[in-house]
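Peer 1: Provide a 3D model corresponding to the input given below.
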Amino acid sequence: QVQLVESGGGLVQAGGSLRLSCTASAASGRTFSNYAMGWFRRVPGKEREFVAAVRRSGESRHGTDSMKDRFTISRDNAKNTVILQMNSLRPEDTAVYYCAAGSDSSTKGLAWNYWGQGTQVTVSS
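Peer 2: Next up, the predicted model:
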């Protein structure tokens, strides 16, 4: 079992930045570095949306070109942490952001095994 705890959400004005952090605690025998780590977001009434993921190798992928241009995902295996640095935020980025861990960096939420509780990001215009 892997437990994920997100932090760093909040309220920011359009054009601002936020840094989301997700720290994992794994049961004995499970190593953080063996998991792909990702971020999804959800707006009430809409489908869950893939934001970004980083593979065990460190290779990353993003959901859209806009996310790739503005968001950076990174991992620190020594600290069991994955970071989502979000710059040039827009009101449409407002959502609950969820951290996930899984065996591969799929864009499909169902492919991920473990989820955090989510952190709210609100971008005001």
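
Peer 1: the protein: strands as residue ranges?
Peer 2: Applying DSSP state E to the chain gives strands spanning 2-7, 10-13, 18-26, 36-42, 49-54, 60-62, 71-76, 81-86, 95-102, 114-115, 119-124.

Peer 1: Phe71 bridge partners, please.
Peer 2: Met86 (DSSP bridges).

Peer 1: who's in contact with it?
Peer 2: Shown in contact with Phe71 (Cβ atoms under 8 Å, 6 or more residues apart in numbering): 51-52, 62, 84-87. C-beta coordinates here come from the backbone N, C-alpha and C atoms, glycine included.

Peer 1: go with 10 Å
Peer 2: Contact analysis of Phe71 by Cβ atoms under 10 Å, 6 or more residues apart in numbering lists 18, 20, 39, 51-52, 60, 62-64, 84-89, 93.

Peer 1: Arg42 now?
Peer 2: 48-49, 95-98, 109, 118.

Peer 1: swap in Ala95?
Peer 2: By Cβ under 10 Å, 6+ apart, the contact set of Ala95 is 9, 40-44, 46, 48-49, 51, 118-123.

Peer 1: mind listing what Ser33 touches?
Peer 2: So Ser33 contacts 56, 75, 77-78, 80 (Cβ under 10 Å, 6+ apart).

Peer 1: ok, 7 Å please
Peer 2: 56, 77 (Cβ atoms under 7 Å, 6 or more residues apart in numbering).

Peer 1: that one and Arg56: what is the separation?
Peer 2: With distances taken as Cβ to Cβ, to the nearest Å, Ser33 is found 6 Å from Arg56.

Peer 1: center of this protein - which residue?
Peer 2: Per Cα atoms, centre = their mean, the C-alpha nearest to the average position across the chain is that of Trp39, at 2.3 Å.

Peer 1: excluding its backbone neighbours, what's nearest it?
Peer 2: Counting by Cβ to Cβ, 6 or more residues apart in numbering, Trp39 lies nearest to Val51, which is 4.2 Å off, once chain neighbours are set aside.
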